[in-house]
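Asker: Got a sequence here, can you build the structure:
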Amino acid sequence: KSHKAKRFKSLTWVRKSIKRMVGLTGTPAPNGLLDLWSQVYLLDEGQRLGKRITHYRERYFDPDARDRDHVFSYAPKPGADEAIHRLIGDICISMSAKDYLQLPDLVEDIVPVALDSKAAKAYEEFEKNLLVEIDDELLDAGSAAVLSGKLLQMANGAVYNEDKQPVE
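Answerer: Numbering: from 1, shown residues only. Reported below is the predicted structural model:
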């Protein structure tokens, strides 16, 4: 979504060699219409919204939050929303999940896991210290988020170490 991202810059270099491009996203403009420019640029190489982000901003947006020297955010000009959607309407579609997605009711299947005493002890130590030694292999979670994933791995029988090798 960002025109400053390395991924976007890399794609612009090879875009001319790509014969067909399809962009799929769940949130095309999570921070507003300003985010659309880079995605549409990759689809049409600037035909609809312009070759430069600065021209797009000047045409459809006004500075919003700013100080004397910097603009921190932009607000769409009156009618910009409709104009932008009209310009990209021939190559973009928007679909609402509630209109197209039918899911069955949630079915919970709770499966209790009984660990043997050695595994239970290692689990509790790992949970408490974010660090555990199993068969001369030191496992380090590093953060609570990593710990959560590693504890799930442990409950399934093996934890992946830093070399991506399973430690039973």
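
Asker: where are the low-confidence patches of this protein?
Answerer: 28-31 (pLDDT under 70).

Asker: Name the residue most distant from the centre of it?
Answerer: residue 117 (39.4 Å; CA atoms, centre = their mean).

Asker: Could you say which helix or strand holds the residue nearest to residue 39 when sequence neighbours are not counted?
Answerer: What sits nearest to residue 39 in space, not counting adjacent residues and going by CB to CB, 6 or more residues apart in numbering, is residue 23, at 5.6 Å. All C-beta atoms are positioned from the backbone trio N, CA, C, and that covers glycine. Using DSSP states H and E, residue 23 sits in no helix or strand.

Asker: And residue 153, by the same measure?
Answerer: Element membership for residue 153, per DSSP H and E: helix 144-155.

Asker: Contacts for the helix or strand that that helix is followed by, please.
Answerer: With elements assigned by DSSP H and E, the helix or strand that comes after helix 144-155 is strand 159-160. For strand 159-160, contacts defined as CB atoms under 8 Å, 6 or more residues apart in numbering pick out 134, 139, 150, 153, 166, 167.

Asker: residues near the residue nearest to residue 159 when sequence neighbours are not counted, how many?
Answerer: Nearest residue to residue 159 in three dimensions, chain neighbours excluded: residue 153, at 4.6 Å (CB to CB, 6+ apart). Residues lying near residue 153 (other CB atoms under 10 Å) number 15.

Asker: Same check on residue 92?
Answerer: 17.

Asker: Start the count at 654 instead of 1 going forward.
Answerer: Happy to do that; since the first residue is 654 now, the last one works out to residue 745.

Asker: I'd guessed it sits against residue 693; true?
Answerer: Yes - if you go by CB atoms under 8 Å, residue 745 and residue 693 touch, sitting 7.3 Å apart.

Asker: can you confirm residue 688 is in a helix?
Answerer: Yes - Residue 688 forms part of a helix when assessed by DSSP: H, G, I helix; E, B strand; the rest coil.

Asker: separation between it and residue 755?
Answerer: Separation of residue 688 from residue 755 (CB to CB, to the nearest Å) stands at 29 Å.

Asker: and those two? which has more neighbours close in?
Answerer: Remark: of residue 688 and residue 755, residue 688 carries more neighbours, 17 against 7, as counted by other CB under 10 Å.

Asker: and the end-to-end length of stretch 810-817?
Answerer: Distance between the two ends of stretch 810-817: 15 Å, counting by CA to CA, to the nearest Å.
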